[in-house]
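take this sequence and fold it.
(one chain, ligands or ions: 1)
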Amino acid sequence: MNYYFHVPFCRSKCGYCAFYSLPEPSPELIDSYLDRLERTFFPEAPAETIYIGGGTPTFLSAPQLERLLKLIHERLAPPAGTEISCEANPETLDREKVALLRRHITRISLGVQSFHPIVRRNIGRKCSDEALDRALELIGDADFPHWNMDLIFALPGQTPEAFFTDAQWAIEAGADHLSCYALTAEENAALELPEDDDLAAEMMPGIARFMEEQGFSRYEVSNFARPGAECRHNCNVWRGGLLAGVGPGACGFDGTDRWRNPLLEPWLRGEAPERDAISPAARLNEIFAVNLRTAAGWTEALWRQVPKADAWSARRAIFRAAAASFDPSWFRISDERLALTGKGMMFWNSVAGEIIAHGT
Ligand code: SF4
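You can find the predicted model right below:
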């Protein structure tokens, strides 16, 4: 089982954010969240991977963060070698929290977005240069087994060179994984952004080449890693692995249904998750489409691991049918593997839409 813990609290709301998170929560509210987790989280399946995300898990005070990390370790007892990731924001880290994380997790994911203060200000990201430098120093000194940084590109007026500087600094600081997201205009976000998918599509091939030169492979549409540093949790989930979402707003997949926990207040009252009732065929198509975001795509062996998977020949037929609607150079089709090319990954949304349409 892959466990995802959602910590729905942040210091402030970033202008571009559409994630479920509550800004400036009181310490008492966070304590109520931890109290309920302690009362109700009794997992039945062993952990294959664990991911603590948000929100900002490191917004919790050091004693609160320790409660959360200890709870996870006591209840799941993850064996050595289990990937345990935690998201962190620079402005919420200090030496005590970094030391706590280093004792309990194997992979830290730092939300940097940009090393350029003007860019951070323009996107409503409240983080000073001093806080960022301090966080990089603390994480570098702690020497985590794996370190991701989130970076944003395709901002209006941003040149490829400005983004390359961000990536270079992240790599020099010690990151072995970079998540590079084009900033998109999200419906629920406070900041109004111009849609510029063309700029993202223009920049990505250059970014992919640049990252290859630095020894990072583009293993998913937005993710680059040194060999062996890919995020196992995300890879498992993209391939339809079982997911237990823990905490308000967290999602899960039990092999048949997807479900979503209620938001904080109803979650604290113990209300049940919402179940997503879609047909088994549609579910398989959705899983099939999602893992096409990865460079490796599907092999027959991987597909057989999907709960209730249909025949490989059926998957090949669906992929060929979708490919017929688009440029053939977007697709890699062989008996052994079904995948998108680097160019095809740029148009994943369109291909996924076509594949999902086959299941309805
Ligand atoms: S982007 Fe991250 S830090 Fe900013 S409000 Fe959203 S969840 Fe919180």
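
any idea how the protein splits into domains?
Following the assignment in automatic domain parsing, the chain carries domains at 2-236, 281-360.

where exactly do the strands run in the stretch 251-360 of the chain?
251-253, 258-260, 274-276, 298-299, 331-333, 337-340 (DSSP state E, counting those that start in this stretch).

looking at those strands, which is closest to the ligand?
strand 251-253 (15.5 Å; Cβ to the nearest ligand atom). The way it works is simple: take the backbone N, C-alpha and C, and place the C-beta from them, glycine included.

so which elements touch the closest one?
Contacting strand 251-253 under the criterion 3 or more Cβ pairs under 8 Å, 6 or more residues apart in numbering; DSSP states H and E are the following elements: strand 243-246, strand 258-260.

residues in contact with the last one: which ones?
When contacts are defined by Cβ atoms under 8 Å, 6 or more residues apart in numbering, strand 258-260 is touched by residues 245, 249-253, 273-276, 278, 283.

hmm, try it at 6 Å
The set of residues external to strand 258-260 that reach it, using Cβ atoms under 6 Å, 6 or more residues apart in numbering, is 251-252, 273-276.

returning to that earlier point: out of the domains of the chain, which gets nearest to the ligand?
For the domains of the chain, the distance to the ligand is smallest for domain 2-236, at 3.0 Å, taking Cβ to the nearest ligand atom.

quick one on the thing from earlier: most packed of the helices and strands packed on strand 251-253?
Among the helices and strands packed on strand 251-253, the stretch with the highest mean neighbour count (mean count of other Cβ atoms under 10 Å) is strand 243-246, at a mean of 21.

before we move on, back to that, and of the domains of the chain, who's closest to residue 262?
Nearest to residue 262, of all those, is domain 2-236, at 10.6 Å by Cβ to Cβ.

circling back: mind putting the helices and strands packed on strand 251-253 into JSON lines with mean pLDDT and distance to residue 210?
Converted to JSON lines, the helices and strands packed on strand 251-253 look like this (pLDDT from 0 to 100; distance: least, Cβ to Cβ, whole Å):
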{"stretch": "strand 243-246", "mean pLDDT": "98", "distance to residue 210": "33"}
{"stretch": "strand 258-260", "mean pLDDT": "95", "distance to residue 210": "36"}
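
make a markdown table from those strands and add distance to residue 61 to it.
A markdown table is the format used below for the helices and strands packed on strand 251-253 (distance: least, Cβ to Cβ, whole Å):
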| stretch | distance to residue 61 |
| --- | --- |
| strand 243-246 | 20 |
| strand 258-260 | 28 |
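
just for the stretch 101-250 of the chain, where's the confidence low?
Under the criterion of pLDDT under 70, the regions of the stretch 101-250 of the chain flagged as low confidence span 156-157, 184-197.

so which residues on it come close to the ligand?
The stretch 101-250 of the chain comes close to the ligand at residues residue 111, as judged by Cβ under 6 Å from any ligand atom.

can you give me the strands in the stretch 101-250 of the chain?
Along the stretch 101-250 of the chain, the segments classed as strands by DSSP E, counting those that start in this stretch run 107-113, 146-153, 177-182, 217-220, 223-225, 243-246.

could you dump the third one to PDB, C-alpha only?
Backbone C-alpha positions of strand 177-182 (Å, rounded to 0.1, in the frame of the first residue of the first chain) are rendered in PDB as follows:
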ATOM      1  CA  HIS A 177      15.300  15.300  -8.500                       C
ATOM      2  CA  LEU A 178      13.600  18.300 -10.000                       C
ATOM      3  CA  SER A 179       9.900  18.800 -10.500                       C
ATOM      4  CA  CYS A 180       9.500  21.500 -13.200                       C
ATOM      5  CA  TYR A 181       5.900  22.700 -13.600                       C
ATOM      6  CA  ALA A 182       4.600  25.200 -16.000                       C
END
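
least reliable of the strands of the stretch 251-360 of the chain by average pLDDT, please.
The stretch with the lowest mean pLDDT among these is strand 274-276, which comes in at a mean of 92.

that's all I had, so thanks and see you.
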